[in-house]
Structure formats: C-alpha cells, structure tokens
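> got a sequence here, can you model it:
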Amino acid sequence: MPEILILSAYYKPEAIASSYLDDNRDEAFVQNGFHVYVHTPTPCRGIPHTVRQEYKQKRCETLYDGKLHIRRFRLFGEGRNPVFRALRYTLCCIKLFNRGIATKHGDVLFAGSTPPILGATAALVKKFRHIPFIYALQDIFPDSLVSTGLTRQGSLLWRIGQRLENFTYRNADKIIVISDDFKRNIISKGVPEHKIAVIYNWVDEKAVIPIAREANRLITRYGLDKDKFYVTYCGNIGLTQNMDMLLEVAKELKSYNDIMFILIGEGVYKNELTKKTADYRLDNIKILPFQPYEDISHVFSLGDVGLVISKPGVGANSVPSKTWNIMSAGRPVLASFDENSLKDIIEQHEIGLFTKAGDKQAFIEALLFFYNHKDETRDFGKNGRQFILDNLTRKAGTSSYVNTIRQAIHKNSDSHE
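Reported below is the predicted structural model:
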C-alpha cells in the first residue's frame, strides 16, 4: 500500500480550531488505501494536564486497523511567552527533520504551514528523501506577521520569513491553498499556477447540524436564558480578532437587555478580554472555554447569528473555517472582515451580512438588522446550510486531498520509470 508521511506540530487530542480537518483528512486517506505515518510532539495545546501526562507515556499509537501510525516525541509544553514559543517551534522542527530523514516510511511527504518554519523543514526532508512534498497552506508567512503587527514589511524578520517561504514554494511539488485569494497571493510571488490546488476547508455536515434552542446543551450547562438574542463568536481569542471593537459594540448595545454576546474559545488575548469585560461592567458578554468536539453542533447553533471578525489588514487572503461551521449549523454569518472572496460568498448566496473590518457603526447596524428582522435572519441561516450541502461537504473536501496525494505519487512513479 502507498504510504503518506505527515510531519505535524499539532495533532489530536489537541484542541485547535481546525483539528477536525486533520481527523477527516487522515480517515479519508486510510479509507482510500493509504498507510499514514504521523510524527508529532507530545500534545499540549488545549488539553488538561492529566491528558498531557498520559500522552507522555504514549510514544506509538496505531489506529484504523493498523493503517494510521502516530509516532510522538517529548517536547516541553507551549506557553504564552513568544520567545519560548519560538524556541519550541525550532526544537519541534529539528526533531521532525530528524524523524523525516530517519524513517523508511513514506512515498509522499505532507506538511502544513503551522508553525511557519515547518514547510521549510519538510522541504529539507524532501531533498534527503527524494519523495514528493505536498504543502498545505493555511496561513501565508511572513504576510501574517505583518498583518498581526509582529513585524513590518522589509524588516530582517520579514526578509528571513520570505526566504524560508520561497524555499518551501520552490521545493513543494504541490501547494494546497484554502481560497482563490491565497492562490492569487502566491502566484504574485512567482509560484507557477500548475503547482497550486485550491481546496476550501470543509465542514463535516453530519457532525455540525442545526440544533434547536430548546435542545441546546449549552443553555442548561451555563444557565443561559433561552429567550435572549445571542451573538456568538467561536474560535481563537487572539490579537487579530478585534475583540476590542466587539467590546465597544457591547458597550453601545447595553440598553438592549435581551442581546447577549457569547464568546467561546481560548487564546493569548482571553485574559485581557476577561479583565476588560469586568472593568467595563459588560454583563451582556459571557466568555466560555472551548467546548468538547462532540458538542460542536450545540456551540455553533447557540447564536441567533455567528461572528467572523478580524482587525483591518489581517484577513485579506483568508476565509476562516469557522464560517462553514456557522453555516452548517444553519445560522447566519455576520462578518467584520477585509474584502475578499468571503464577501462574495456571503452576499451572492445570501447567507448573512458583510461589513468592512473595523467599521464599528456598520457592524452595529448589521447586527441590529438581524435583531429586528427575525424571519430574514432564519432565511440567511437556511441558505448557509444549503450552501454547505451543495459545495463544502466533508466528502468533497477530503476527496480532493486524496486525489492530490494520488496524483503526486503517480507522477513521481512515472518519472522513475
């Protein structure tokens, strides 16, 4: 059977926003006749200490009747200090490089773009192993560093990042991107179009389904009033999500006693957000932790409207995968985002309302439109669910990954005949 070697900095049971994509993808790989070998560190992100301790003893796991093999190595946990995080990324990639060149498994090499140096690490492994390399690009580096304010264009860090990413692009046999905006971005940087495959992040439409308010577990779990109008954000609470603007919106809408903001997730800005919520006495905001994956339908069905929000200049090339979860749960999308293909999807398919990133007044007006037009709000949600069923199902997305891997292996086999 053909073998896929995956180098990954994060893997289940870690609680990261896109972990279901990896699970769905790897299950599709084994169902389509591949053996999968994953090398990854001991899990640390979004899991209890007891779970991390348990996995420190689990160096090898075999799943799916012996077709998925997970090989773990020990690495210290991920903290919030950026210096220690950068050190952890570096050590992780060194270990993954050593694993990649030492293993005898793998007819094709697969790696993602987190952390940013992982792609270059995999490209080096390819040079030693001489096997095709598939690069799954979920974030564009170093553009993301500029958009988050961590550096500026032309800085030393930016130049280093640009060289690393260009090295990755040159050596990747295929680059999977999550939007046409991503595709245009890397083509402008000299990547040949034939190298690029656009595969939108999908949603498991059978795992994320509409749940009626009366049946929602979070209502009883957190003692919520089922009759209020809920505006929900689910995902990373970080530096780029423009939570400060959301606080200002909540301030201005305090007089609406039945509008409640529910923010579900973790991230580097969560403690600051919690402090500011208390300082401003915003009792119309409730902050909850990440919920178990088995409750994902309840999470994304909780709101009357779901938020996709970022600071200006951050989301020019991305379509957050939480968008598809909101839609699959039959809820309308309220976006405060840079204008890109997300705007076209929302407006052309009538799945919600789009406002320009940072435009607080437009955001408030859109939110109040949902609040005052309940029938149209429900129709937006129904349209979103139908869009998922027609375009972004789990089978459609995972099949595209399977086909990309097969083509890379076949092309490599043909070149050696």
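> where does the prediction get shaky in the stretch 201-350 of the chain?
Along the stretch 201-350 of the chain, the parts satisfying pLDDT under 70 run over 316-317.
> which stretches in it count as strands?
All strands of the stretch 201-350 of the chain, identified by DSSP state E, counting those that start in this stretch, fall at 229-234, 259-264, 285-288, 305-309, 333-337.
> other SSEs contacting the second one?
Helices and strands in packing contact with strand 259-264 are listed as strand 229-234, helix 243-252, strand 285-288; criterion 3 or more C-beta pairs under 8 Å, 6 or more residues apart in numbering; DSSP states H and E. Glycine gets a C-beta too; all of them are placed from N, C-alpha and C.
> contacting residues around the longest one?
With C-beta atoms under 8 Å, 6 or more residues apart in numbering as the test, helix 243-252 has contacts from 233, 237, 261, 263, 269, 273, 276-277, 280, 282, 284-285, 307, 309, 311, 336, 358, 360, 363-364, 367.
> again, only this time at 7 Å
Under the contact criterion C-beta atoms under 7 Å, 6 or more residues apart in numbering, helix 243-252 has outside partners 237, 261, 269, 273, 276-277, 280, 282, 284-285, 309, 358, 360, 363-364.
> kindly format the C-alpha coordinates of it as CSV.
The C-alpha coordinates for helix 243-252 follow below in CSV (Å, rounded to 0.1, in the frame of the first residue of the first chain):
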residue,chain,number,x,y,z
MET,A,243,-12.1,41.9,20.4
ASP,A,244,-11.7,45.5,21.5
MET,A,245,-14.1,46.6,18.8
LEU,A,246,-16.5,43.9,20.0
LEU,A,247,-16.3,45.3,23.5
GLU,A,248,-17.1,48.8,22.2
VAL,A,249,-20.1,47.3,20.3
ALA,A,250,-21.3,45.6,23.5
LYS,A,251,-21.0,48.9,25.4
GLU,A,252,-23.2,50.7,22.9
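> now Arg45, what are its backbone angles?
Main-chain torsions, Arg45, degrees, to the nearest 10: phi -80, psi 120.
> residues near it, how many?
15 (other C-beta atoms under 10 Å).
> got it, and Gly267?
By other C-beta under 10 Å, neighbour count at Gly267 equals 19.
> could you check how far it is from Asn201?
Separation of Gly267 from Asn201 (C-beta to C-beta, to the nearest Å): 19 Å.
> before we move on, what about Gly352?
Taking C-beta to C-beta, one finds Gly352 at 18 Å from Asn201.
> those two: which is more packed in?
Gly352 (27 against 20).
> and the residue lying closest to the more buried one once chain neighbours are set aside, what does it touch?
Nearest residue to Gly352, sequence neighbours excluded (C-beta to C-beta, 6 or more residues apart in numbering): Val333, at 3.4 Å. Neighbouring residues of Val333 by C-beta under 7 Å, 6+ apart: 306, 308, 323, 326-327, 346, 351-352, 384.
> who's Val333 bridged to?
Beta-bridge partners recorded for Val333 (DSSP bridges): Gly306, Gly352.
> quick one: list the elements packing against the helix or strand where Ala111 lies.
Using DSSP states H and E, Ala111 maps to strand 108-112. Judged by 3 or more C-beta pairs under 7 Å, 6 or more residues apart in numbering; DSSP states H and E, strand 108-112 is in contact with strand 3-7, helix 118-129, strand 133-137, helix 394-415.
> for the second one, what is the distance to the chain centroid?
Its chain's C-alpha centre lies 23 Å from the corresponding centre of helix 118-129 when counted by C-alpha atoms, centre = their mean, to the nearest Å.
> and that helix, what does it pack onto?
Packing contacts for helix 118-129, counted by 3+ C-beta pairs under 7 Å, 6+ apart, involve strand 3-7, helix 82-102, strand 108-112, strand 133-137, helix 156-171.
> so Arg74 makes contact with Thr42?
Yes: contact status for Arg74 versus Thr42: in contact at 5.4 Å, counting by C-beta atoms under 7 Å.
> shared neighbours, the two?
Common neighbours of Arg74 and Thr42 (C-beta under 7 Å, 6+ apart) are Lys56.
> which one of these two is surrounded by more residues?
More crowded of Arg74 and Thr42, by other C-beta under 10 Å: Thr42, with 20 against 10.
> ok so, going back, out of the contacts of helix 243-252, who's nearest Gly315?
Among those, Ile309 lies closest to Gly315 (C-beta to C-beta), at 9.1 Å.
> who touches the closest one in this structure?
Applying C-beta under 7 Å, 6+ apart, the residues near Ile309 are 233, 241-242, 246, 336.
> nearest residue to it other than its sequence neighbours?
Once flanking residues are discounted, Ile309 sits nearest to Ser336: 4.5 Å by C-beta to C-beta, 6+ apart.
> quick revisit: dump the strands of the stretch 201-350 of the chain to a markdown table, plus distance to Asn32.
Shown next, in a markdown table, are the strands of the stretch 201-350 of the chain (distance: least, C-beta to C-beta, whole Å):
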| stretch | distance to Asn32 |
| --- | --- |
| strand 229-234 | 31 |
| strand 259-264 | 34 |
| strand 285-288 | 37 |
| strand 305-309 | 32 |
| strand 333-337 | 32 |
